[in-house]
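> pasted the sequence and its predicted model underneath.
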Amino acid sequence: VVGVVGVVCCGCCGCILYGWHLKLIINYFSFLFSCFCLWCCCSFSFGVEERLQFVFTDIIMYGLVHQALVRWLSSLNGGDALVEEVLARSEINGRVDDFFRYFSDQETMNLLTIASNVTGVEMTELMYNCGLKASLTFTENGYTDVMISLGKDFFTFLENLDSLHDNFLSAFPHMKVPSVIPERNDDDTISLHYYSQREGLAPFMMGTLKAVAGVIFDLDINIQHRSKKGKNADHDIFHIYLDAGSLPSEDEERIEQDLGREMGTISLSTQLTNDILPWHFAVDSELNVVSMGKHLASRMKKSLGISCKKVFRIIVPMMAKWDFELLKSFANKPFLFCTDKKYMLTAEEYNEVVAELLLRDDENKLSHLDKVAQMEGLTISSDINSATSSAMNSSMSSARGSMSQRFHRMNDMGSLKLHGQIIHDKENDLLIFIGNPPVKSLEEIEQHSLSLKQLPIHTHGREVLFSAMYQTITATSSNKVQDQLSKLDSTMEEVNKKKEQIDGLLHSILPQRVAQCLANGDIPEPESYENVSVLFSDIAGFTNITSEVPTSEVMDMLHGLFQKFDDLSDEFGCYKVETIGDAYMVCAGCPDPCDDHAERIAALAIAMVNAAAQVISPLDGEPLRIRVGLHSGPVMAGVVGRARPRYCLFGDTVNVASLMESSSIPGCIQATYRFTRQFLHGHDFIYAPRGFVDVAEKGRMKAFLICGQASQPKKLILPSKLDYPQLHQEIFMSIMRPGGFQSSPSLDNVTHLNDLVRPPSSQGTQRSLTMSPNLV
């Protein structure tokens, strides 16, 4: 009414204000009025809540397609990378392949489009391939036995597939299930009519059916898309070619029908039909209601003789219409009807019906009492009669109040839904609906004011109720478990990343196998190594630096220097043992034995001296000079201590290497004779004898200076000409002259250093340098 008044007022005002546009105003008025009438029709036919549900629930689906897509992508070459790329582009929050989560159609189609673009596979082929993977989802989620129970052959399976979809609704309440109707052709092929509210998913269904036929029935079917849904068709049609032996036997069905006719002889009375089928209704060939069960009739106005189109609306199957012949073809299919609330009794009407029935019952009781008295020759006094009437009126008022209160709870639902099947009564040419309200929760029972007594046992309505409640709880719990597992996976990824960081840090402190042993709670046994080269270094003048420079600057200097040393140790395959103050200790050949340990340590020592020269001393701004000592020999290595364990080297080799460092020359690399003997044949290291040096606890030891490599002749490491002029000159001359003293050429002119290095006659695996008699 408000809408009509508003439109009329708008039209009148428009005509008054803009009379010269009268035709335009009238057209505008007609348009608004048509829209209003359409809205009213929708409101009366569906109800606001149902109409909104009809509009919005059509655009969501669960994660079956998503999970199948992820499975298919993972099966391709580089599948993990493809999955990551598709998921990154999809911008869907949370798990994309969550089976129990529902997604909008737009999200699903966007995801499929992205996957098609990434893989270069055409959309139809992609969805078909995803359908082939969908069977794994069913089997892994425990639905194999459920699918097998649908039929012993593929055709029977297709006939009962809608029943499976129908029962999924309790666990997946937002699902908009498709519907299939199989037809057996004369050539033993199957025409499958596929009805879906969604566009473009037919290839996915084709792939799924082919996969299920192979997994469940061991059939290799050929399925073709014969007719596509579009302007000229409201559904898709698949043509399925399969082995004729896999189709059900027609003789078996005929024999069952013949036996049924011979032995099924009972005829049901109206009262018994009401007791057995309290929620049924029947329509004739004209689609008029001719029968209605007692529980259904008690909630509705008198509807016999009225067209069923006015009383009931078909919700499922979605392609079904109120056509008698069409509905006959849907026999044994799941149906869901909804009553029109205009034909439901209101609270006032229901109370009047209840009062009339109670009054009629009271009159029958009084009439029966009078007849008994007359037979006994008695007269009922007015007092007794009055008392009896008063008690009955009180009982009637109490019953009215109880029934009225009960109906008010029913009235809140607006309309009633009925779930079941349609059977064709050939003798009377009737379509009979057999079923009951599809209550699946305690809330629905209270909403419809039902009790278990009103759900006949033979309909399994009670079992469906309890099963639906259990299934809903299970699905909800499973969804929560999936969420927790997803969170756990994310947490495990973070834990693994942290573990990698911790392992990396631990392996930088201890050898890998030692760290693994400690992680297992064991203390590794000490190990003996026969040939290990050890390097010690310290900073010349470090005591003066620490006494004159702030500690923070000293720490920064050491950090920068030791970072360079650490990188060089990794580069040359050496193992850093420890640092103490300015001392830096490295070894090669331990904990991983190798034959070229001397070459590794010598190359590292040269690189360390050059790297130290790039660090500026905070004391005087001059480049740092380090002293390096080298020695080779046997060592013992192992872990010391439980709290803050350290990997230590023990043996005289360590002591001698340390003594070589302490007696070395700033900016030079001093090595023992034994170390030089560890060089492999063909090495290019340049070293010169320094002579004998006094070493604490060892006396006089023969020492050599590692001066560089022949491959880098311009980077020779010599004693400082300023601090050690004579030593510098002697070593320089011994390097430059292959045979005796010559004039000292410039370093820039040195081109044949390999010719200057002469191996001693007694050792073929090492090289020595000619040294001057004065230097000796």
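Arrived safely, thanks for sending. If you're wondering where the values come from, they're calculated on a predicted model, not measured in any experiment. Numbering: from 1, shown residues only.
> so what's the residue count around Ala613?
15 (other C-beta atoms under 10 Å). Placement of C-beta: from N, CA and C, glycine included.
> next up, the contacts around it.
Taking C-beta atoms under 8 Å, 6 or more residues apart in numbering, we find Ala613 in contact with Pro623, Leu624, Arg625, Gly667.
> what segments of the stretch 301-450 of the chain are strands?
In the stretch 301-450 of the chain, the segments counted as strands under DSSP state E, counting those that start in this stretch are 312-316, 335-339, 417-425, 430-436.
> got the CA positions of the longest one in CSV?
In this case it means strand 417-425. Extracted in CSV, the C-alpha atoms of strand 417-425 (Å, rounded to 0.1, in the frame of the first residue of the first chain):
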residue,chain,number,x,y,z
LYS,A,417,9.4,-27.7,4.4
LEU,A,418,8.9,-31.3,3.5
HIS,A,419,11.6,-33.7,2.4
GLY,A,420,11.0,-37.1,0.8
GLN,A,421,10.1,-38.7,-2.5
ILE,A,422,7.2,-38.9,-5.0
ILE,A,423,5.7,-42.2,-6.0
HIS,A,424,3.3,-42.7,-8.9
ASP,A,425,0.1,-44.6,-8.0
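> averaged pLDDT, that strand. What do you get?
Throughout strand 417-425, pLDDT has a mean value of 90.
> and the contacts of that strand?
Contact with strand 417-425 is made by 166, 279, 282, 296, 312, 315, 327-328, 330-339, 430-438, 459, as judged by C-beta under 8 Å, 6+ apart.
> which of those residues count as buried?
Neighbour counting by 16 or more other C-beta atoms under 10 Å classes 166, 279, 282, 296, 312, 315, 327, 330, 333-339, 430-438, 459 among the contacts of strand 417-425 as buried.
> for this structure, which strand is longest?
strand 626-640 (DSSP state E).
> quick revisit: and which of the contacts of Ala613 is nearest Val212?
Leu624 (75.7 Å; C-beta to C-beta).
> before we move on, the earlier item: got a markdown table for the strands of the stretch 301-450 of the chain, with distance to Glu122 too?
Compiled in a markdown table, the strands of the stretch 301-450 of the chain are given as follows (distance: least, C-beta to C-beta, whole Å):
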| stretch | distance to Glu122 |
| --- | --- |
| strand 312-316 | 33 |
| strand 335-339 | 37 |
| strand 417-425 | 40 |
| strand 430-436 | 44 |
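> any idea which of these gets closest to Phe675?
strand 312-316 (89.9 Å).
> what pairs with that closest one, parallel or antiparallel?
If you go by DSSP bridges, strand 312-316 pairs up with strand 335-339 (antiparallel).
> C-alpha coordinates for the partner strand, CSV please?
The C-alpha trace of strand 335-339 is given here as CSV (Å, rounded to 0.1, in the frame of the first residue of the first chain):
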residue,chain,number,x,y,z
PHE,A,335,12.2,-33.8,-3.3
LEU,A,336,12.1,-30.8,-1.0
PHE,A,337,8.8,-28.9,-0.9
CYS,A,338,7.9,-25.7,0.9
THR,A,339,4.3,-24.8,1.8
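> tell me which residues are up against it.
50, 300, 311-317, 320, 415-422, 433, 435, 438.
> show me where the stretch 51-200 of the chain has its strands.
60-62, 102-104, 179-184, 190-195.
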